[in-house]
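Enquirer: sequence unknown, structure follows:
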């Protein structure tokens, strides 16, 4: 199975100039743990629940702090044809919970460790 097969639904985007509150609300409303950060159609980073926790623990104000100040800039990414097993090994080794899937210059999806675990443990998928 490849990473491409795990991609589903719309990519959740946010801009670097948006507030932490907007990101928190968007992640809550969509029940997701990460947002792709883009401006002018270009991926600039990823903003995750870990980034939000780090910002709040550091005293950042939800309405005053910007995504650009707390995001992970230019994150690693997966190619869509990478195997799920390789992706799992990479995510575990690096401590990632979410990574974008990029084909050429286009972000085509976002996968999580939960997606990887589901694919590796679901017997009907093998």
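Expert: Everything's here; your move. All values reported here derive from a predicted model rather than from experimental measurement.

Enquirer: how close does the closest residue to residue 4 other than its chain neighbours get to residue 69?
Expert: Nearest residue to residue 4, sequence neighbours excluded (Cβ to Cβ, 6 or more residues apart in numbering): residue 80, at 3.7 Å. Where C-beta positions appear, they are placed from N, C-alpha and C, glycine not excepted. Residue 80 is 31 Å from residue 69, where distance means Cβ to Cβ, to the nearest Å.

Enquirer: Looking at those two, which one has more neighbours?
Expert: Neighbours around residue 80 and residue 69, counted as other Cβ atoms under 10 Å, are more numerous at residue 80. The numbers are 15 against 12.

Enquirer: What confidence value was assigned to that one?
Expert: On the pLDDT scale, residue 80 is placed at 94.

Enquirer: in a helix, that's where it is, yeah?
Expert: No. With DSSP: H, G, I helix; E, B strand; the rest coil as the criterion, residue 80 is located in coil rather than a helix.

Enquirer: picking that back up, can you verify my assumption that the residue nearest to residue 4 contacts residue 1?
Expert: No. Residue 80 is not in contact with residue 1 according to Cβ atoms under 8 Å; the separation is 11.7 Å.

Enquirer: Please enumerate the strands of this protein.
Expert: 13-14, 34-39, 42-48, 72-73, 98-103, 106-112 (DSSP state E).

Enquirer: For the protein, give me the ranges with low pLDDT.
Expert: Applying pLDDT under 70 to the chain picks out residues 123-126.

Enquirer: Which parts of it are helices?
Expert: Using DSSP state H, the helices of the chain run over residues 20-30, 49-57, 67-70, 84-94, 113-121.
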